[in-house]
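A.B. asks: Give me coordinates for this.
(2 chains)
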Amino acid sequence: MSAIGASLARIEGIEKVTGAADYAYETTAEQETLYGWVVQSSIVTGRILDIGVDAVLALPGVVEVVTWRNAPHLEDTGDGELNVLQHAIISYRGQPVAVVIAETLETAREAANVLEVSYSAGESDVLMSPDHLRLYAPDKVNPAFETDSVIGEVDVALADAVTSIDHSYSTPALFNNPMEPHATTAEWQGGRLELVDSTQGSSVTAEQIGALFGIPGEAVHVRAEHVGGGFGSKGSPRPNVPLAAIAAKITGRRVKLAYTRQMMSSLAGYRTPTVSRMRLGADADGRLTAISHEAFSQTSTLFEFAEQTAEATRHMYAAPNRRTTHRLVALDVPTPRWMRAPGECPGMYALESAMDELAAAAGIDPIELRRRNEPERDPELDVPYSSRDLIGCMERGAELFGWAERDPRPAAHIDGRWAIGTGMAASTYPAMAQPSGAVVTAMPDGRYRLGINATDIGTGSRTVMRQIAADALDVEPEAIDIRIADSNLPKASVAGGSSGTASWGWAVTKACRELRISLQTGMTIPPDGITVTATTDAEIAAQEELSRHAFGAQFVEVRVDLDSGEVVVPRMVGVFAAGRIMNPRLARSQFIGAMTMGLGMALHEVGELDTVLGDYANHDFATYHIPACADVKDIRVEWLDEEDTHLSPMGGKGIGEIGIVGAAAAVANAVAHATGIRVRDLPIQPDKLIADLPARF
Amino acid sequence: MAATRIEVPRSAIAITLNGERTAVEVDNRTSLLDLLREQLGLTGAKKGCDHGQCGACTVLVDSRRVNACLTLAVTLDGAEIHTIEGLSDGGELHPVQRAFLERDAFQCGYCTPGQICSAVGAIREAKDGWPSHVTEDLSAAAVVLDDEEVRERMSGNLCRCGAYANIVPAVLDAAGEGSDDGTDLPRREEFHPIPSVEEVAG
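C.D. replies: Numbers count the residues shown, from 1 in each chain, chains lettered A, B, ... in the order given. Predicted coordinates:
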């Protein structure tokens, strides 16, 4: 029986439910470790004039205060956000200006609170808008996509269209907010740096931190046995890592440092606010003649992050005339980074809302509209899809949801104080794989030891890697001892881009298959075992050029309170076609989790910019609402069996992100159906509905 | 604000921690959460916000769930405290822990100890007849938990991985009031100790 496809429970489950799983801040005893606390700038731009270090050093228990004056030199690696404490210039509010190091947590916190910092403040610009004077076209968008694409004559086709729409949709700054705030424990041992870090990839952290300190990546040892979520915010080192390493270097002691929840909005990355101007044109049959998606987002002055907001639009629907553009403005803000499905998530909110508006304008059912615009080949890459089953997802989702009974008229179903509506949207996410290495050893006792530098940020990768190895070795999963999340293992890619399973699993499969061949020669296994190491650079480079994407369809029912404008979502249905599913139990958790995050994006989450203070004002869970238990009702998930031989040897497309893509649009479309009110600026909070709600019935 | 504090007041307290009498001296600024995590080595209770907004630090004080981050340790002299580490009896998991495993009611695991302690408290509160915001009969001797009651009572424990759809049935299973008979549950795997890197790398 194949281990892949089995609903195995998480290997580390018992550790997690008993409190025995140690996260990055929890691996040392107090007496051996100093506490670091970050002090952040209270101005947006300008210079530090002075820092009252002496007064704080006089406090009992304070060991050191590190500022730009005494911090060790860091190399310029092209990411100004990581070049912490190198000069007195301030580039955004909340930028680290000092680290206080003390014997206890209480002392470190108090000392940081009373540290006096004087500044000379400058002018600042923190507000992104689609008509900002300093908009520019970046060279590429994340990670290496073309900034613009133009095919055909979009403006002519739009002018000639029988039905067309032209609307702008916006998504606010969103904060990843994994439950574990970023944390690092650092210790120097001679010229080597030991880190226990809350990271999505210990290989990339070792390399980048080594480069900052001017030492080889091999001199930095990073462990991340358990990571309390990331959602992109731990996809590369953030300032916590160099700050902890600096503190350890300057004191010659082991130091641990964690962000407060409040620091997470300025020091961890976030989803950029976006504006998407969508123009769609269709003929009398509802076939798209033109698609135009102009995306606007922000970056910081320290590092260019250009979100690929319009990228998904390039692959979704057929149309002879098409245009996508990305424009960026560098503001005096913290650097936005990856947050679950960067690009696809906000971009598909716009596209799928626009498709719903077009369906209404053309009088065509939203599923039928998408069916009529199903492309045979990738419309921009002009290559075949490795597989594409959006239609299957929509059909199965419609069946599960009961879409056929839907009355398409808006605001037609009022039940007392509730307006009830339904909506759907499509989902997509690219299927990617990156080069990785794995090591596997056959032991004389019949057991196997697998080392793969995967990270388990909650995905279940530790468990799935063992399943993949079991099949490749043709043994029971229980025969395999697995080790992950340690940079001393062969280099492997980050837990991001929904690519972890494909990337790591490919290397695991290759190493295990090669080991099996070695074992078949009949040689005796020596006491140390027989070890095989494999890397997949060649296989990844040799992939044929195809359009590889997972697809899905999400269906949502909303009930809108006509008295308050509150939106309740009693049920969501998601159906996905994402290649082979490795572990149904874990996959279901990923899908419902991402749909839940999408629900938060639709209804609750918004970074509220204070243009006077120059910062997002809501820095905690009291003011930035993420979905709570009571917000989430019935979520039903299914997937289609999809065999795709053009992927990794395991045949999966990756599932970490697709569940959030389309969820917000499905909610917005359902709200429009329930109330007749189209909200084009997320989140759909009561104030955007209350003035225009239909009357109670 | 000038840095003038010189004295750090400290106090001796005695608590019963997971059934064991424990005497500790604490900095008066120390929260129960930091006492557990930094002084007593019990890191099961997690710090997700340090402001009582996420519930990751939930422990049971005198059988009631509290946010350990909002509770000053110095106020707890004589209190009985149960943490996630004390919930399993020897090798035997608590029913709520077992239900969380069986329902895959977590992903990253960081909120999980708090969710579990909170669920233990919530089940107890319902049995004791404490109404919630959604309870209809305010005078009932015991509240029967259902989906809506559990969602309401567990809303002080945030989960960014979004495991709520599994947490609710897990809590109902543990409360003995789940509608699912459990026959469709996947098997639970035996726990294997994790080897060292050196062992694996050879």
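
A.B. asks: And the helix or strand where residue A:569 lies, what does it pack against?
C.D. replies: Assigned by DSSP states H and E, residue A:569 belongs to strand A:567-577. Applying 3 or more Cβ pairs under 8 Å, 6 or more residues apart in numbering or on different chains; DSSP states H and E, we find strand A:567-577 packed against helix A:390-401, strand A:549-561, helix A:584-603, strand A:634-639, helix A:663-675. For glycine as for every other residue, the C-beta is placed from the backbone atoms N, C-alpha and C.

A.B. asks: most packed of those?
C.D. replies: helix A:663-675 (a mean of 29; mean count of other Cβ atoms under 10 Å in any protein chain shown).

A.B. asks: now it: how far from the chain's centre is it?
C.D. replies: 23 Å (Cα atoms, centre = their mean, to the nearest Å).

A.B. asks: go on, stretch A:609-621?
C.D. replies: The answer for stretch A:609-621 is 22 Å, by Cα atoms, centre = their mean.

A.B. asks: Report whether it contacts chain B.
C.D. replies: Yes. Contact of stretch A:609-621 with chain B (Cβ under 8 Å from any Cβ of the partner chain) involves A:620, A:621.

A.B. asks: Any stretches of chain B with poor pLDDT?
C.D. replies: B:1-6, B:177-202 (pLDDT under 70).

A.B. asks: which residues of chain B fall in strands?
C.D. replies: B:10-17, B:20-27, B:58-61, B:64-67, B:80-82 (DSSP state E).

A.B. asks: out of those strands, nearest to chain A?
C.D. replies: When the strands of chain B are compared by Cβ to the nearest Cβ, strand B:20-27 sits nearest chain A, at 5.0 Å.

A.B. asks: Need the phi and psi values for the residue in chain A positioned nearest to chain B.
C.D. replies: Among the residues of chain A, residue A:19 lies nearest to chain B; the distance is 2.1 Å by Cβ to the nearest Cβ. Backbone geometry at residue A:19, expressed as degrees, to the nearest 10, gives phi 80, psi 10.

A.B. asks: hmm, back to that, who wins for proximity to residue A:338 among the helices and strands packed on strand A:567-577?
C.D. replies: helix A:584-603 (13.7 Å; Cβ to Cβ).

A.B. asks: Now do whichever helix or strand comes after that closest one, average pLDDT.
C.D. replies: As assigned by DSSP H and E, the chain's next helix or strand after helix A:584-603 is strand A:609-610. What strand A:609-610 shows for mean pLDDT is 95.

A.B. asks: hmm, who's touching strand A:609-610?
C.D. replies: A:126, A:127, A:173, A:615, A:616, A:617 (Cβ atoms under 8 Å, 6 or more residues apart in numbering or on different chains).

A.B. asks: show me what contacts the third one?
C.D. replies: I take that to be residue A:173. Neighbours of residue A:173 in contact, by Cβ under 8 Å, 6+ apart: A:270, A:271, A:272, A:273, A:336, A:606, A:607, A:609, A:616.

A.B. asks: change it to 6 Å
C.D. replies: If you count contacts by Cβ atoms under 6 Å, 6 or more residues apart in numbering or on different chains, residue A:173 has them with A:270, A:273, A:607.

A.B. asks: surely residue A:621 meets residue B:48?
C.D. replies: No. With contact defined as Cβ atoms under 6 Å, residue A:621 does not reach residue B:48; the gap is 8.0 Å.

A.B. asks: Mind checking which of these two has more residues around it?
C.D. replies: residue B:48 (27 against 21; other Cβ atoms under 10 Å in any protein chain shown).

A.B. asks: so that one sits right up against residue B:57, yeah?
C.D. replies: No. Applying Cβ under 6 Å as the test, residue B:48 and residue B:57 come out as separate, 7.1 Å apart.

A.B. asks: and the residue of chain B found nearest chain A, backbone torsions?
C.D. replies: As assessed by Cβ to the nearest Cβ, chain A sits closest to residue B:44 within chain B, at 2.1 Å. Dihedral angles phi and psi of residue B:44 (degrees, to the nearest 10) take the values phi -60, psi -40.

A.B. asks: Need the nearest residue in space to it, chain neighbours excluded.
C.D. replies: residue A:19 (2.1 Å; Cβ to Cβ, 6 or more residues apart in numbering or on different chains).

A.B. asks: got a list of what that neighbour touches?
C.D. replies: B:44, B:84, B:85, B:113.

A.B. asks: can you put the residues you listed in CSV and add neighbour count and distance to residue B:24?
C.D. replies: Formatted as CSV, those follow (neighbours: other Cβ atoms under 10 Å in any protein chain shown; distance: Cβ to Cβ, whole Å):
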residue, neighbour count, distance to residue B:24
B:44, 26, 17
B:84, 30, 19
B:85, 20, 16
B:113, 31, 21
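
A.B. asks: Format those residues as JSON lines; extra columns: distance to residue A:265.
C.D. replies: What follows is the contacts of residue A:19, written out as JSON lines (distance: Cβ to Cβ, whole Å):
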{"residue": "B:44", "distance to residue A:265": "27"}
{"residue": "B:84", "distance to residue A:265": "29"}
{"residue": "B:85", "distance to residue A:265": "32"}
{"residue": "B:113", "distance to residue A:265": "25"}
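
A.B. asks: Among these, list the two that are farthest apart in space.
C.D. replies: B:85 and B:113 (8.5 Å).

A.B. asks: intersection of neighbour lists for these two?
C.D. replies: Contacts common to residue B:85 and residue B:113, judged by Cβ under 6 Å, 6+ apart, are A:19, B:44.

A.B. asks: Show me the shaky parts of chain A.
C.D. replies: Ranges of chain A meeting pLDDT under 70: A:29-31, A:697.

A.B. asks: how does it divide into domains?
C.D. replies: Split into domains by automatic domain parsing, chain A comes to A:30-123+A:177-267, A:434-541.

A.B. asks: what's the offset of the last one from the middle of its chain?
C.D. replies: Just to be clear, that refers to domain A:434-541. 25 Å.

A.B. asks: who touches the nearest residue to residue B:103 once chain neighbours are set aside in this structure?
C.D. replies: The shortest distance from residue B:103 to any non-neighbouring residue, by Cβ to Cβ, 6+ apart, is to residue B:170 (3.9 Å). For residue B:170, the contacting residues are B:99, B:100, B:103, B:105, by Cβ under 6 Å, 6+ apart.

A.B. asks: Run through the residues of the stretch 351-500 of chain A sitting next to chain B.
C.D. replies: Residues of the stretch 351-500 of chain A that fall close to chain B, judged by Cβ under 6 Å from any Cβ of the partner chain: A:439, A:441, A:449, A:451, A:457, A:458, A:481, A:483, A:486, A:488.

A.B. asks: repeat that for 7 Å
C.D. replies: Proximity of the stretch 351-500 of chain A to chain B, by Cβ under 7 Å from any Cβ of the partner chain, involves residues A:439, A:441, A:449-451, A:457-459, A:478, A:481, A:483, A:486, A:488-489.

A.B. asks: out of those, which are buried?
C.D. replies: The neighbour count (16 or more other Cβ atoms under 10 Å in any protein chain shown) marks A:439, A:441, A:449-451, A:457-459, A:481, A:483, A:486, A:488-489 as buried among these.

A.B. asks: Residue A:40 bridge partners, please.
C.D. replies: residue A:96 (DSSP bridges).

A.B. asks: Check whether the host helix or strand of residue A:208 comes near chain B.
C.D. replies: Per DSSP H and E, residue A:208 falls inside helix A:202-213. No. Helix A:202-213 is not in contact with chain B by Cβ under 7 Å from any Cβ; minimum separation 11.0 Å.

A.B. asks: for that helix, packing partners?
C.D. replies: The elements that helix A:202-213 packs onto, with contact taken as 3 or more Cβ pairs under 7 Å, 6 or more residues apart in numbering or on different chains; DSSP states H and E, are strand A:192-197, strand A:220-223, helix A:240-251.
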